[in-house]
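Enquirer: prediction below, plus the sequence it came from.
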Amino acid sequence: MNIIRVSSYEEMSIEAGKRIAEKVRSNPSMTLGLATGSTPQGVYHYLIKDYENNGTSYQNIKSINLDEYIGLQATDPNSYHYFMQKNLFNHIDIASNHTHIPNGAASNLAEECRRYENLINEVGGIDLQILGIGQNGHIGFNEPGTAFSSRTHVVSLAKNTLEANARFFANVAEVPTHALTMGIATILDSKEIFLLASGTEKAEAVAQLFNEGIREDFPASALKQHPNVTILADDDALKYI
Ligand code: F6R
């Protein structure tokens, strides 16, 4: 795992954004794996500014998101579909039929999981996957205990994940309890991975990632099995390193 240490959230967003924009320019039909949550918002802001100022084009880029809540329609402001439109897709020239997010409103969720895995294969796999990290070490919504061999599947969200995500909802009871997520094996199939971490609330998870072994009860540790992972993290997230 390569590590890039920066001083702040802003610097992390710029460093990651620059690298992503360069990759898009040198491979304009690549497939980007995208994440939601607070961590990548600054990166998306950077990519929008770069699109406006430098004209980096996403016309032939495909995107595949990690996860989506079950039971929310794409139009629900708390859905990850809505998040991606609002924070990135509405502001760049990516084609709407090139953006993919698991359908958490599908009537047959097992079928939706299969469809999503096939889709990833059909586009030729993910060239660069962007990840955040949960305080419990989750990647995507793969909670502690998820098999490293897992593919896209339905998950029951851990109590601390519901609590951490309650900030986006009126209260914790409103947070959907289940989600669809790419599995850990799906994530590890990506050719390259950027893991972003910012803030002291991520410091323990980041320390565990560095200091402990590869174990299914700490999902992010699976990344140590991947040959091309870069961690972009700020001083707060790296305070125990
Ligand atoms: C989001 C995702 C999650 C988040 C993680 C960190 O698509 O898959 O693993 O990356 O929960 O969330 P934030 O960035 O909000 O701290």
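Expert: Right, received. Where do you want to start?
Enquirer: which SS class is the closest residue to Ala164 other than its chain neighbours?
Expert: Once flanking residues are discounted, Ala164 sits nearest to Gln135: 6.1 Å by Cβ to Cβ, 6 or more residues apart in numbering. (C-beta placed from N, C-alpha, C; glycine too.) On the three-state scheme (DSSP: H, G, I helix; E, B strand; the rest coil), Gln135 is labelled coil.
Enquirer: what about Gln135, neighbour count?
Expert: 16 (other Cβ atoms under 10 Å).
Enquirer: give the contact list for it.
Expert: Asn160, Ala164, Glu201, Lys202, Glu204, Ala205 (Cβ atoms under 8 Å, 6 or more residues apart in numbering).
Enquirer: any quick PyMOL command for the buried ones out of those residues?
Expert: PyMOL command restricting those to the buried ones, with burial defined by 16 or more other Cβ atoms under 10 Å:
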select buried, resi 164+202+205
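Enquirer: and the contacts of Gln135, which of them are in helices?
Expert: When DSSP state H defines the helices, the subset of these inside them is Asn160, Ala164, Glu204, Ala205.
Enquirer: looking at these, spot the one nearest Ser26.
Expert: Within those, the smallest distance to Ser26 is 31.8 Å, found for Ala205 (Cβ to Cβ).
Enquirer: what's the spacing between that closest one and Gly145?
Expert: Distance, Ala205 to Gly145, by Cβ to Cβ, to the nearest Å: 15 Å.
Enquirer: go on, Ser57?
Expert: 41 Å.
Enquirer: ok, Gln73 next?
Expert: For Gln73, the distance to Gly145 - Cβ to Cβ - is 30 Å.
Enquirer: hey, C-alpha coordinates of stretch 68-81 in PDB?
Expert: Extracted in PDB, the C-alpha atoms of stretch 68-81 (Å, rounded to 0.1, in the frame of the first residue of the first chain):
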ATOM      1  CA  GLU A  68     -27.000   2.000  -2.300                       C
ATOM      2  CA  TYR A  69     -29.600   1.800   0.500                       C
ATOM      3  CA  ILE A  70     -32.400  -0.700   0.100                       C
ATOM      4  CA  GLY A  71     -35.900   0.800  -0.100                       C
ATOM      5  CA  LEU A  72     -35.000   4.300  -1.300                       C
ATOM      6  CA  GLN A  73     -36.100   5.400  -4.800                       C
ATOM      7  CA  ALA A  74     -33.500   7.200  -6.900                       C
ATOM      8  CA  THR A  75     -35.400  10.500  -6.400                       C
ATOM      9  CA  ASP A  76     -35.100  10.200  -2.600                       C
ATOM     10  CA  PRO A  77     -32.700  12.900  -1.400                       C
ATOM     11  CA  ASN A  78     -31.000  10.400   0.900                       C
ATOM     12  CA  SER A  79     -30.400   7.900  -1.900                       C
ATOM     13  CA  TYR A  80     -26.900   7.500  -3.300                       C
ATOM     14  CA  HIS A  81     -28.400   7.900  -6.700                       C
END
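Enquirer: what's in contact with it?
Expert: With Cβ under 8 Å, 6+ apart as the criterion, stretch 68-81 contacts 36, 65, 67, 82, 101-105, 109, 154, 168-169, 174, 176, 178-180.
Enquirer: what's the mean pLDDT across it?
Expert: The pLDDT scores in stretch 68-81 average 97.
Enquirer: centre of the chain to it, how far?
Expert: Taking Cα atoms, centre = their mean, to the nearest Å, one finds stretch 68-81 lying 16 Å from the centre of the chain it belongs to.
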